[in-house]
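Novice: Structure for this input, please:
(one chain, ligands or ions: 1)
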Amino acid sequence: MKSMVTFDYSSAKGFISDSEITMMERIAENAKEELVKKEGPGNEFLGWIDLPIDYDKEEFARIQAAAKKIQNDSEVLLVIGIGGSYLGARAAIEFLRHSFYNSVSKEIRKTPEIYYVGNNISSTYMKHLIEVIGDRDFSINMISKSGTTTEPAIAFRVFKKMLTEKYGKEEAAKRIYATTDKARGALKNLATEEGYESFIVPDEVGGRYSVLTAVGLLPIAVSGADIVKLMEGAAAMREHCINSSYENNDAVLYAAIRNILLRKGKTIEILANYEPSLHFVSEWWKQLYGESEGKDQKGIFPASVDLTTDLHSMGQFIQDGQRTLFETVMNLEKSTCEILIEEEEVDLDGLNYLTGQSVDFINKSAMKGTRLAHTDGSVPNLIINIPEQNEFYLGQLFYFFEFACGVSGYILGVNPFDQPGVESYKKNMFALLGKPGFEKQREELLKRL
Ligand SMILES: O=P(O)(O)OC[C@H]1O[C@H](O)[C@H](O)[C@@H](O)[C@@H]1O
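Specialist: Next comes the predicted model:
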(Lines give C-alpha, C1' and ligand atoms only; values in the text may rest on other atoms or scores of the structure.)
Protein backbone atom coordinates (compact mmCIF):
# COMPACT_ATOMS: atom_id res chain seq x y z
CA MET A 1 0.00 0.00 0.00
CA LYS A 2 1.20 3.51 -0.81
CA SER A 3 1.70 5.81 2.15
CA MET A 4 -0.70 8.61 2.92
CA VAL A 5 -0.91 12.20 4.01
CA THR A 6 -1.53 11.89 7.75
CA PHE A 7 -2.68 14.04 10.65
CA ASP A 8 -0.80 13.95 13.95
CA TYR A 9 -2.06 15.75 17.05
CA SER A 10 0.27 14.12 19.56
CA SER A 11 2.08 17.44 20.15
CA ALA A 12 -1.22 19.04 21.18
CA LYS A 13 -2.01 16.45 23.85
CA GLY A 14 -1.15 18.90 26.63
CA PHE A 15 -4.03 21.12 25.50
CA ILE A 16 -6.68 18.48 24.77
CA SER A 17 -7.59 15.48 26.88
CA ASP A 18 -8.52 12.09 25.46
CA SER A 19 -11.97 12.45 26.97
CA GLU A 20 -12.57 15.65 24.99
CA ILE A 21 -11.69 13.81 21.81
CA THR A 22 -14.04 10.99 22.79
CA MET A 23 -16.80 13.47 23.62
CA MET A 24 -16.44 15.02 20.20
CA GLU A 25 -16.89 11.67 18.47
CA ARG A 26 -20.67 11.75 18.12
CA ILE A 27 -20.73 15.34 16.97
CA ALA A 28 -17.98 14.79 14.41
CA GLU A 29 -19.40 11.52 13.16
CA ASN A 30 -22.83 13.12 12.75
CA ALA A 31 -21.24 15.96 10.82
CA LYS A 32 -19.44 13.49 8.59
CA GLU A 33 -22.63 11.54 8.00
CA GLU A 34 -24.53 14.70 7.14
CA LEU A 35 -21.81 15.49 4.62
CA VAL A 36 -21.47 12.08 3.02
CA LYS A 37 -25.22 11.43 2.92
CA LYS A 38 -25.70 14.92 1.54
CA GLU A 39 -28.28 15.85 4.16
CA GLY A 40 -26.81 19.07 5.53
CA PRO A 41 -27.13 22.72 4.53
CA GLY A 42 -25.51 23.53 1.20
CA ASN A 43 -25.94 19.93 0.04
CA GLU A 44 -26.47 21.12 -3.53
CA PHE A 45 -22.71 21.84 -3.60
CA LEU A 46 -21.32 18.43 -2.71
CA GLY A 47 -20.26 17.34 -6.18
CA TRP A 48 -16.61 17.50 -5.07
CA ILE A 49 -17.05 14.52 -2.73
CA ASP A 50 -17.15 11.94 -5.53
CA LEU A 51 -15.21 13.93 -8.12
CA PRO A 52 -11.96 11.91 -7.81
CA ILE A 53 -13.75 8.72 -8.84
CA ASP A 54 -16.58 10.12 -10.88
CA TYR A 55 -15.44 12.82 -13.27
CA ASP A 56 -16.18 13.46 -16.92
CA LYS A 57 -13.53 11.33 -18.70
CA GLU A 58 -14.28 12.87 -22.07
CA GLU A 59 -13.67 16.36 -20.70
CA PHE A 60 -10.55 15.14 -18.89
CA ALA A 61 -9.13 13.96 -22.23
CA ARG A 62 -10.03 17.32 -23.79
CA ILE A 63 -8.17 19.07 -20.97
CA GLN A 64 -5.08 16.99 -21.69
CA ALA A 65 -5.34 17.69 -25.42
CA ALA A 66 -5.82 21.44 -24.84
CA ALA A 67 -2.80 21.45 -22.51
CA LYS A 68 -0.69 19.82 -25.25
CA LYS A 69 -1.85 22.37 -27.80
CA ILE A 70 -0.99 25.26 -25.45
CA GLN A 71 2.41 23.71 -24.73
CA ASN A 72 3.06 23.47 -28.46
CA ASP A 73 1.84 26.86 -29.64
CA SER A 74 2.47 29.19 -26.66
CA GLU A 75 5.43 30.49 -24.76
CA VAL A 76 3.16 32.01 -22.16
CA LEU A 77 -0.18 31.00 -20.64
CA LEU A 78 -2.27 33.60 -18.83
CA VAL A 79 -4.53 32.18 -16.16
CA ILE A 80 -7.29 34.70 -15.57
CA GLY A 81 -9.35 34.07 -12.45
CA ILE A 82 -9.75 34.99 -8.80
CA GLY A 83 -10.38 33.11 -5.54
CA GLY A 84 -11.32 29.51 -6.20
CA SER A 85 -10.81 30.13 -9.90
CA TYR A 86 -7.03 30.46 -9.58
CA LEU A 87 -5.71 29.56 -6.14
CA GLY A 88 -5.88 25.79 -6.59
CA ALA A 89 -4.02 25.84 -9.89
CA ARG A 90 -1.38 28.16 -8.52
CA ALA A 91 -1.00 26.08 -5.36
CA ALA A 92 -0.47 22.94 -7.44
CA ILE A 93 1.91 24.47 -9.97
CA GLU A 94 4.06 26.08 -7.29
CA PHE A 95 4.17 22.89 -5.23
CA LEU A 96 4.76 20.49 -8.09
CA ARG A 97 7.01 22.40 -10.47
CA HIS A 98 10.25 24.36 -10.28
CA SER A 99 10.61 26.95 -7.47
CA PHE A 100 11.55 29.50 -10.13
CA TYR A 101 9.19 28.11 -12.75
CA ASN A 102 8.92 31.20 -14.93
CA SER A 103 12.56 32.22 -14.66
CA VAL A 104 14.34 28.91 -15.13
CA SER A 105 15.52 28.12 -18.67
CA LYS A 106 13.08 26.63 -21.16
CA GLU A 107 15.32 23.53 -21.37
CA ILE A 108 14.65 22.78 -17.72
CA ARG A 109 11.03 23.93 -17.59
CA LYS A 110 9.94 22.53 -21.00
CA THR A 111 6.47 24.05 -20.70
CA PRO A 112 5.05 27.58 -21.15
CA GLU A 113 5.60 30.30 -18.59
CA ILE A 114 2.41 30.77 -16.56
CA TYR A 115 1.17 34.09 -15.18
CA TYR A 116 -1.90 34.83 -13.10
CA VAL A 117 -3.98 37.92 -13.71
CA GLY A 118 -7.50 39.03 -12.90
CA ASN A 119 -6.83 38.38 -9.22
CA ASN A 120 -6.52 42.10 -8.48
CA ILE A 121 -7.49 45.36 -10.19
CA SER A 122 -4.03 46.86 -10.53
CA SER A 123 -3.27 48.62 -13.81
CA THR A 124 0.45 48.56 -12.97
CA TYR A 125 0.35 44.77 -12.62
CA MET A 126 -1.39 44.45 -15.98
CA LYS A 127 1.00 46.82 -17.74
CA HIS A 128 3.98 44.94 -16.38
CA LEU A 129 2.48 41.65 -17.49
CA ILE A 130 1.96 43.02 -21.00
CA GLU A 131 5.66 43.87 -20.99
CA VAL A 132 6.59 40.37 -19.83
CA ILE A 133 4.58 38.79 -22.65
CA GLY A 134 6.15 41.13 -25.18
CA ASP A 135 5.71 39.82 -28.70
CA ARG A 136 5.78 36.17 -27.65
CA ASP A 137 3.09 33.63 -28.49
CA PHE A 138 0.50 33.30 -25.75
CA SER A 139 -2.85 31.78 -24.84
CA ILE A 140 -5.46 32.60 -22.24
CA ASN A 141 -7.37 30.35 -19.87
CA MET A 142 -10.25 32.50 -18.63
CA ILE A 143 -11.77 30.92 -15.54
CA SER A 144 -14.91 32.10 -13.81
CA LYS A 145 -17.68 29.88 -12.53
CA SER A 146 -20.24 32.67 -12.42
CA GLY A 147 -18.79 34.26 -15.53
CA THR A 148 -19.53 37.67 -14.08
CA THR A 149 -16.77 38.38 -11.53
CA THR A 150 -15.41 41.88 -12.08
CA GLU A 151 -11.66 41.37 -11.57
CA PRO A 152 -11.16 38.58 -14.13
CA ALA A 153 -13.69 40.11 -16.54
CA ILE A 154 -11.67 43.34 -16.66
CA ALA A 155 -8.38 41.50 -17.18
CA PHE A 156 -9.98 39.41 -19.90
CA ARG A 157 -11.04 42.53 -21.81
CA VAL A 158 -7.50 43.85 -21.71
CA PHE A 159 -5.69 40.65 -22.69
CA LYS A 160 -8.31 39.52 -25.20
CA LYS A 161 -7.70 42.80 -27.02
CA MET A 162 -3.95 42.18 -26.96
CA LEU A 163 -4.47 38.65 -28.30
CA THR A 164 -6.84 39.81 -31.03
CA GLU A 165 -4.49 42.56 -32.16
CA LYS A 166 -1.69 40.05 -32.40
CA TYR A 167 -3.47 37.17 -34.13
CA GLY A 168 -6.72 38.52 -35.55
CA LYS A 169 -10.14 37.56 -34.23
CA GLU A 170 -10.30 34.04 -35.59
CA GLU A 171 -6.87 32.82 -34.45
CA ALA A 172 -7.25 34.64 -31.12
CA ALA A 173 -10.46 32.68 -30.47
CA LYS A 174 -8.47 29.47 -30.86
CA ARG A 175 -6.08 30.62 -28.15
CA ILE A 176 -8.77 31.33 -25.57
CA TYR A 177 -9.97 28.55 -23.31
CA ALA A 178 -13.02 29.34 -21.19
CA THR A 179 -13.72 27.47 -17.96
CA THR A 180 -17.18 28.37 -16.70
CA ASP A 181 -20.74 27.30 -16.00
CA LYS A 182 -22.28 24.95 -18.56
CA ALA A 183 -25.17 27.26 -19.37
CA ARG A 184 -25.17 30.62 -17.58
CA GLY A 185 -23.14 33.77 -17.29
CA ALA A 186 -21.48 36.35 -19.49
CA LEU A 187 -18.41 34.19 -20.08
CA LYS A 188 -20.51 31.27 -21.28
CA ASN A 189 -22.31 33.55 -23.72
CA LEU A 190 -19.04 34.99 -24.95
CA ALA A 191 -17.53 31.52 -25.37
CA THR A 192 -20.51 30.34 -27.40
CA GLU A 193 -20.59 33.50 -29.47
CA GLU A 194 -16.86 33.55 -30.21
CA GLY A 195 -16.35 29.80 -30.39
CA TYR A 196 -13.82 29.36 -27.54
CA GLU A 197 -13.03 25.84 -26.43
CA SER A 198 -14.97 25.54 -23.17
CA PHE A 199 -14.66 23.50 -20.00
CA ILE A 200 -17.29 23.16 -17.35
CA VAL A 201 -17.37 24.01 -13.67
CA PRO A 202 -20.10 21.64 -12.50
CA ASP A 203 -23.12 23.29 -10.82
CA GLU A 204 -22.64 21.17 -7.73
CA VAL A 205 -19.00 22.16 -7.15
CA GLY A 206 -18.39 25.56 -5.53
CA GLY A 207 -15.42 27.67 -6.59
CA ARG A 208 -13.22 26.94 -3.56
CA TYR A 209 -13.80 23.19 -3.98
CA SER A 210 -13.12 23.21 -7.71
CA VAL A 211 -9.38 22.54 -7.99
CA LEU A 212 -9.95 19.01 -9.29
CA THR A 213 -12.26 20.20 -12.08
CA ALA A 214 -11.11 21.88 -15.29
CA VAL A 215 -10.66 25.04 -13.16
CA GLY A 216 -7.45 23.65 -11.71
CA LEU A 217 -6.69 20.82 -14.07
CA LEU A 218 -6.10 22.73 -17.31
CA PRO A 219 -3.43 25.13 -15.99
CA ILE A 220 -1.88 22.33 -13.92
CA ALA A 221 -1.66 20.11 -17.00
CA VAL A 222 -0.13 22.96 -19.04
CA SER A 223 2.62 23.25 -16.40
CA GLY A 224 3.58 19.65 -17.14
CA ALA A 225 2.33 18.19 -13.85
CA ASP A 226 0.55 14.84 -13.99
CA ILE A 227 -3.18 15.37 -13.44
CA VAL A 228 -3.92 11.64 -13.53
CA LYS A 229 -1.75 11.12 -10.44
CA LEU A 230 -3.37 14.15 -8.80
CA MET A 231 -6.80 12.54 -9.20
CA GLU A 232 -5.48 9.19 -7.98
CA GLY A 233 -4.18 10.83 -4.82
CA ALA A 234 -7.51 12.52 -4.21
CA ALA A 235 -9.30 9.20 -4.78
CA ALA A 236 -7.06 7.47 -2.22
CA MET A 237 -7.82 10.15 0.36
CA ARG A 238 -11.54 10.06 -0.45
CA GLU A 239 -11.56 6.37 0.33
CA HIS A 240 -9.80 7.04 3.66
CA CYS A 241 -12.08 9.95 4.62
CA ILE A 242 -15.30 8.14 3.84
CA ASN A 243 -14.47 4.70 5.18
CA SER A 244 -12.24 5.16 8.24
CA SER A 245 -13.62 5.05 11.75
CA TYR A 246 -13.38 8.18 13.92
CA GLU A 247 -10.15 7.33 15.75
CA ASN A 248 -8.40 6.47 12.48
CA ASN A 249 -9.92 9.18 10.31
CA ASP A 250 -7.31 11.87 9.84
CA ALA A 251 -9.61 14.45 8.23
CA VAL A 252 -12.43 13.99 10.74
CA LEU A 253 -9.99 14.19 13.66
CA TYR A 254 -8.47 17.38 12.26
CA ALA A 255 -11.99 18.85 12.03
CA ALA A 256 -12.84 17.66 15.55
CA ILE A 257 -9.65 18.96 17.15
CA ARG A 258 -9.74 22.39 15.58
CA ASN A 259 -13.29 22.76 16.94
CA ILE A 260 -12.20 21.59 20.40
CA LEU A 261 -9.45 24.22 20.32
CA LEU A 262 -11.89 26.89 19.11
CA ARG A 263 -14.12 26.20 22.08
CA LYS A 264 -11.13 26.86 24.33
CA GLY A 265 -10.62 30.31 22.86
CA LYS A 266 -8.14 29.41 20.13
CA THR A 267 -9.86 31.50 17.48
CA ILE A 268 -6.98 31.75 15.01
CA GLU A 269 -5.40 28.87 13.14
CA ILE A 270 -2.03 29.48 11.55
CA LEU A 271 -1.12 27.11 8.77
CA ALA A 272 2.65 26.88 8.69
CA ASN A 273 5.02 25.45 6.13
CA TYR A 274 8.78 25.02 5.94
CA GLU A 275 8.90 24.82 2.15
CA PRO A 276 8.26 27.90 -0.02
CA SER A 277 6.55 25.66 -2.56
CA LEU A 278 3.68 25.29 -0.07
CA HIS A 279 3.00 29.02 0.16
CA PHE A 280 0.08 28.94 -2.26
CA VAL A 281 -1.35 25.78 -0.73
CA SER A 282 -1.81 27.98 2.34
CA GLU A 283 -3.41 30.72 0.24
CA TRP A 284 -5.82 28.14 -1.24
CA TRP A 285 -6.51 26.76 2.26
CA LYS A 286 -7.29 30.24 3.61
CA GLN A 287 -10.05 30.74 1.06
CA LEU A 288 -11.36 27.24 1.64
CA TYR A 289 -11.64 27.65 5.40
CA GLY A 290 -12.29 31.39 5.54
CA GLU A 291 -15.23 31.37 3.14
CA SER A 292 -16.58 28.10 4.46
CA GLU A 293 -16.55 28.86 8.18
CA GLY A 294 -16.43 32.61 8.64
CA LYS A 295 -20.12 33.40 8.87
CA ASP A 296 -22.97 33.99 11.33
CA GLN A 297 -20.34 35.73 13.49
CA LYS A 298 -18.55 32.40 13.94
CA GLY A 299 -15.46 30.64 12.67
CA ILE A 300 -11.73 30.19 13.14
CA PHE A 301 -9.70 32.91 11.42
CA PRO A 302 -7.37 31.14 8.98
CA ALA A 303 -3.91 32.70 8.82
CA SER A 304 -0.66 31.40 7.42
CA VAL A 305 3.08 31.75 7.81
CA ASP A 306 6.05 30.64 5.72
CA LEU A 307 8.78 29.33 7.99
CA THR A 308 11.47 29.71 8.95
CA THR A 309 11.12 33.03 7.05
CA ASP A 310 8.35 34.46 9.21
CA LEU A 311 9.94 33.34 12.48
CA HIS A 312 12.02 36.46 11.94
CA SER A 313 8.97 38.68 11.60
CA MET A 314 5.91 36.98 13.11
CA GLY A 315 7.79 34.63 15.41
CA GLN A 316 7.61 36.98 18.39
CA PHE A 317 3.82 37.21 18.23
CA ILE A 318 3.33 33.50 17.77
CA GLN A 319 5.62 32.73 20.69
CA ASP A 320 4.48 35.41 23.05
CA GLY A 321 1.54 37.54 21.87
CA GLN A 322 -2.17 37.16 22.63
CA ARG A 323 -2.80 33.46 23.29
CA THR A 324 -5.61 32.90 20.82
CA LEU A 325 -3.59 30.87 18.31
CA PHE A 326 -3.09 27.31 17.34
CA GLU A 327 -0.72 26.19 14.64
CA THR A 328 -1.02 23.48 11.99
CA VAL A 329 2.25 22.56 10.37
CA MET A 330 2.43 21.05 6.90
CA ASN A 331 5.47 18.83 7.21
CA LEU A 332 6.97 17.73 3.92
CA GLU A 333 8.66 14.55 5.11
CA LYS A 334 11.08 13.98 2.26
CA SER A 335 12.91 16.79 0.50
CA THR A 336 13.29 16.44 -3.26
CA CYS A 337 17.03 16.99 -3.10
CA GLU A 338 19.94 16.91 -0.72
CA ILE A 339 22.47 19.70 -0.27
CA LEU A 340 25.21 18.98 2.25
CA ILE A 341 27.11 21.51 4.35
CA GLU A 342 30.79 21.24 3.56
CA GLU A 343 33.65 21.91 5.92
CA GLU A 344 35.60 25.15 5.54
CA GLU A 345 39.22 25.29 6.50
CA VAL A 346 38.80 28.37 8.66
CA ASP A 347 35.51 28.29 10.52
CA LEU A 348 34.83 32.00 10.23
CA ASP A 349 31.04 31.70 10.11
CA GLY A 350 31.07 29.12 12.91
CA LEU A 351 29.12 26.59 10.87
CA ASN A 352 31.67 23.77 10.79
CA TYR A 353 29.72 21.98 13.51
CA LEU A 354 27.17 21.27 10.77
CA THR A 355 29.68 19.67 8.41
CA GLY A 356 28.16 16.71 6.63
CA GLN A 357 24.59 17.60 7.61
CA SER A 358 22.01 18.24 4.93
CA VAL A 359 20.18 21.54 4.59
CA ASP A 360 16.95 19.60 5.00
CA PHE A 361 18.16 18.16 8.31
CA ILE A 362 18.73 21.73 9.50
CA ASN A 363 15.26 22.72 8.26
CA LYS A 364 13.65 19.78 10.07
CA SER A 365 15.59 20.61 13.24
CA ALA A 366 14.29 24.17 13.03
CA MET A 367 10.79 22.76 12.63
CA LYS A 368 11.06 20.45 15.62
CA GLY A 369 12.63 23.14 17.80
CA THR A 370 9.93 25.62 16.82
CA ARG A 371 7.18 23.12 17.55
CA LEU A 372 8.47 22.61 21.07
CA ALA A 373 8.98 26.34 21.63
CA HIS A 374 5.49 27.23 20.40
CA THR A 375 3.97 24.43 22.45
CA ASP A 376 5.82 25.81 25.51
CA GLY A 377 4.38 29.21 24.60
CA SER A 378 0.82 27.76 24.79
CA VAL A 379 0.31 27.42 21.04
CA PRO A 380 -1.08 23.93 20.41
CA ASN A 381 0.67 22.35 17.43
CA LEU A 382 -0.98 20.04 14.94
CA ILE A 383 0.94 18.34 12.14
CA ILE A 384 -0.05 17.26 8.67
CA ASN A 385 2.60 14.95 7.24
CA ILE A 386 3.08 14.98 3.47
CA PRO A 387 5.30 12.04 2.46
CA GLU A 388 6.70 13.55 -0.75
CA GLN A 389 6.43 16.52 -3.05
CA ASN A 390 4.43 14.99 -5.87
CA GLU A 391 1.02 14.92 -7.55
CA PHE A 392 -0.25 11.87 -5.69
CA TYR A 393 0.24 13.41 -2.25
CA LEU A 394 -0.97 16.84 -3.32
CA GLY A 395 -4.20 15.24 -4.56
CA GLN A 396 -4.51 13.65 -1.13
CA LEU A 397 -3.80 16.93 0.64
CA PHE A 398 -6.41 18.86 -1.36
CA TYR A 399 -9.06 16.27 -0.63
CA PHE A 400 -8.06 15.97 3.03
CA PHE A 401 -8.55 19.71 3.55
CA GLU A 402 -11.81 19.81 1.59
CA PHE A 403 -13.37 16.92 3.47
CA ALA A 404 -12.20 18.19 6.85
CA CYS A 405 -13.59 21.61 5.99
CA GLY A 406 -17.05 20.23 5.27
CA VAL A 407 -17.05 18.24 8.53
CA SER A 408 -15.64 21.17 10.52
CA GLY A 409 -18.27 23.56 9.16
CA TYR A 410 -21.07 21.25 10.20
CA ILE A 411 -19.54 20.79 13.67
CA LEU A 412 -19.39 24.58 13.93
CA GLY A 413 -23.03 24.87 12.87
CA VAL A 414 -22.66 26.83 9.64
CA ASN A 415 -23.32 26.13 5.99
CA PRO A 416 -19.78 25.53 4.72
CA PHE A 417 -20.82 25.83 1.08
CA ASP A 418 -22.15 29.36 0.73
CA GLN A 419 -20.47 32.78 0.94
CA PRO A 420 -23.19 35.42 1.39
CA GLY A 421 -20.79 37.93 2.96
CA VAL A 422 -18.69 38.29 -0.18
CA GLU A 423 -21.46 40.22 -1.94
CA SER A 424 -21.31 43.31 0.31
CA TYR A 425 -18.17 44.86 -1.14
CA LYS A 426 -19.30 44.00 -4.66
CA LYS A 427 -22.58 45.90 -4.26
CA ASN A 428 -20.75 48.97 -3.00
CA MET A 429 -18.18 48.77 -5.79
CA PHE A 430 -20.88 48.44 -8.48
CA ALA A 431 -22.78 51.39 -6.98
CA LEU A 432 -19.66 53.57 -6.96
CA LEU A 433 -18.82 52.55 -10.52
CA GLY A 434 -22.29 53.58 -11.68
CA LYS A 435 -23.41 50.12 -12.77
CA PRO A 436 -27.02 50.26 -14.04
CA GLY A 437 -29.45 49.10 -11.34
CA PHE A 438 -27.37 50.45 -8.42
CA GLU A 439 -28.45 54.12 -8.64
CA LYS A 440 -30.07 54.36 -5.20
CA GLN A 441 -27.14 52.76 -3.32
CA ARG A 442 -24.80 55.03 -5.24
CA GLU A 443 -26.50 58.16 -3.88
CA GLU A 444 -26.40 56.83 -0.34
CA LEU A 445 -22.77 55.76 -0.55
CA LEU A 446 -21.58 59.01 -2.08
CA LYS A 447 -23.02 60.89 0.91
CA ARG A 448 -20.88 58.72 3.20
CA LEU A 449 -17.62 59.19 1.35
O1 LIG B 1 -15.30 31.76 -10.44
P2 LIG B 1 -15.96 33.04 -10.13
O3 LIG B 1 -17.46 32.95 -10.26
O4 LIG B 1 -15.38 34.16 -10.95
O5 LIG B 1 -15.69 33.39 -8.61
C6 LIG B 1 -14.43 33.65 -8.12
C7 LIG B 1 -14.47 33.85 -6.63
O8 LIG B 1 -15.11 35.06 -6.31
C9 LIG B 1 -16.27 35.13 -5.52
O10 LIG B 1 -16.46 36.42 -5.06
C11 LIG B 1 -16.39 34.10 -4.42
O12 LIG B 1 -16.44 34.63 -3.14
C13 LIG B 1 -15.37 33.00 -4.48
O14 LIG B 1 -15.87 31.89 -3.81
C15 LIG B 1 -15.02 32.65 -5.89
O16 LIG B 1 -14.08 31.61 -5.90
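Novice: Distance-wise, check the closest residue to the ligand within the stretch 251-400 of the chain relative to Y209.
Specialist: In the stretch 251-400 of the chain, the residue that lies nearest the ligand is E291 (5.5 Å; Cβ to the nearest ligand atom). Where C-beta positions appear, they are placed from N, C-alpha and C, glycine not excepted. Per Cβ to Cβ, to the nearest Å, E291 is found 10 Å from Y209.
Novice: and the closest residue to K334 other than its chain neighbours, backbone torsions?
Specialist: Closest residue to K334 apart from its sequence neighbours, by Cβ to Cβ, 6 or more residues apart in numbering: E388 at 5.0 Å. Backbone torsions for E388, taken as degrees, to the nearest 10, come to phi -150, psi 160.
Novice: and the residue nearest the centre of the chain, what does it touch?
Specialist: By Cα atoms, centre = their mean, the mean C-alpha position of the chain lies nearest to W284, the distance being 2.2 Å. Contacts here follow Cβ atoms under 8 Å, 6 or more residues apart in numbering; on that basis W284 touches L87, G88, R90, A91, V211.
Novice: how far away is G40 from the ligand?
Specialist: To the ligand, G40 is 19 Å away according to Cβ to the nearest ligand atom, to the nearest Å.
Novice: Helix, strand or coil: sort out that residue for me.
Specialist: For G40, the assignment made with DSSP: H, G, I helix; E, B strand; the rest coil gives coil.
Novice: i'd like the first residue to be 866 from this point on
Specialist: All set: I'll call the first residue 866, so the last point we hit is now G905.
Novice: what's around it, how many residues?
Specialist: For G905, the tally of surrounding residues (other Cβ atoms under 10 Å) stands at 20.
Novice: Three-state assignment for the nearest residue to it once chain neighbours are set aside, please.
Specialist: Leaving aside its sequence neighbours, G905 sits nearest to E899 (Cβ to Cβ, 6+ apart; 3.8 Å). Following three-state DSSP, E899 is assigned to helix.
Novice: and E899, how many neighbours?
Specialist: 17.
Novice: Hmm, the residue nearest to K1199 is touching E1198, no?
Specialist: Yes - if you go by Cβ atoms under 8 Å, E1253 and E1198 touch, sitting 7.0 Å apart.
Novice: neighbour count winner among E1156 and Y1074?
Specialist: Y1074 (28 against 23).
Novice: got a list of what F1191 touches?
Specialist: Per Cβ under 8 Å, 6+ apart, neighbours of F1191: A877, F880, R1123, L1126, K1131, I1133, E1134, I1135, V1244, P1245, N1246, L1247.
Novice: Could you pick out the buried ones from those residues?
Specialist: A877, F880, R1123, L1126, K1131, I1133, E1134, I1135, V1244, P1245, N1246, L1247 (16 or more other Cβ atoms under 10 Å).
Novice: Please enumerate the strands of this protein.
Specialist: With DSSP state E as the criterion, the chain has strands at 871-873, 941-945, 978-982, 1003-1009, 1041-1045, 1062-1065, 1133-1138, 1166-1171, 1190-1197, 1246-1251.
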